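In: Starting from these lines, generate the structure:
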Amino acid sequence: MDSTEDSSQTLDLTGQLLVAMPGMSDPRFAHSVVFLCAHSEEGAMGLIVNKAIDGVNLADLFEQLSITPKHREIRSKLYFGGPVETGRGFVLHSPEYQSGLSNLRVEDDFALTTTQDILDDMAQDQGPTKSLTLLGYSGWGPGQLERELGENGWLVAQATPQLIFETDTADKWAEALKSIGVDPLTLSAAAGRA
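Out: Predicted coordinates for the structure are as follows:
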């Protein structure tokens, strides 16, 4: 058995971060930090956590969904989670919040909810203590992410609540690189193998 095949079958990066290399050919993923919600031999699903949608915020989403927030001054950003199903919403959040309808626990520090009840709770200050609201997601077919990793398209970093929820959006890519000992200023756009 080829060792490459063996490693792709056992690789599970659920709950980790993908950090785009500078030479990422797909502009939608340039300088992206992607939180992997699921990864198995069937493929992978993740959310880009560092691309805020310009000119739109959570208050706009509440208005579109006819949700009346308890406080009028809601300025939380909405994020572009990825190019797949961009009309579909996701809330990546701290795990203490439990929805009666659907919560997916992703590792110990993160959970994912895709139903409107979490937005209703957030509007009434009863939602999770930490969260990102995203539209769309990023998806990979079987073996596709492994190929991209093998082609040096991504680096893998540990996901932490501080990096995901507390780091400024513009700084997440550089901070994710620094967390694995990579200086973004010295990173080359050209891929290579030693």
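In: Got the phi and psi for the residue nearest in space to the middle of the chain?
Out: Nearest to the mean C-alpha position of the chain, by Cα atoms, centre = their mean, lies L47 at 2.9 Å. Main-chain torsions, L47, degrees, to the nearest 10: phi -130, psi 130.
In: Spatially nearest residue to it, not counting backbone neighbours?
Out: With sequence-adjacent residues excluded and distances taken as Cβ to Cβ, 6 or more residues apart in numbering, L47 is closest to G81, at 4.2 Å. Every residue, glycine included, has its C-beta placed from N, CA and C.
In: For L145, identify the helix or strand it belongs to.
Out: Following DSSP states H and E, the helix or strand that holds L145 is helix 144-150.
In: Any regions of this structure where pLDDT drops low?
Out: Within the chain, the stretches with pLDDT under 70 are 1-10, 72-74, 100-101, 188-194.
In: re earlier: elements contacting the helix holding L145?
Out: Where contact means 3 or more Cβ pairs under 8 Å, 6 or more residues apart in numbering; DSSP states H and E, helix 144-150 is packed against strand 43-48, strand 154-158.
In: Tell me which residues are up against it.
Out: T4, S8, L11, L13, L18, H39, G43, A44, W140, W154, V156 (Cβ atoms under 8 Å, 6 or more residues apart in numbering).
In: any idea which of the helices and strands packed on helix 144-150 is most buried?
Out: Highest mean neighbour count among the helices and strands packed on helix 144-150 (mean count of other Cβ atoms under 10 Å): strand 43-48, with a mean of 23.
In: I'd like the distance from that strand to the chain centre, please.
Out: Distance of strand 43-48 from the chain centroid (Cα atoms, centre = their mean, to the nearest Å) equals 7 Å.
In: Alpha carbons of it, as CSV, please.
Out: Output in CSV follows, covering the C-alpha atoms of strand 43-48 (Å, rounded to 0.1, in the frame of the first residue of the first chain):
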residue,chain,number,x,y,z
GLY,A,43,-14.6,15.2,2.0
ALA,A,44,-14.4,18.3,4.1
MET,A,45,-16.6,21.3,5.0
GLY,A,46,-15.3,24.5,6.5
LEU,A,47,-16.0,28.2,7.1
ILE,A,48,-13.7,31.1,6.2
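In: who touches it?
Out: So strand 43-48 is in contact with 13, 18, 29, 32-39, 79-82, 90, 92, 132, 134, 137-142, 144-145, going by Cβ under 8 Å, 6+ apart.
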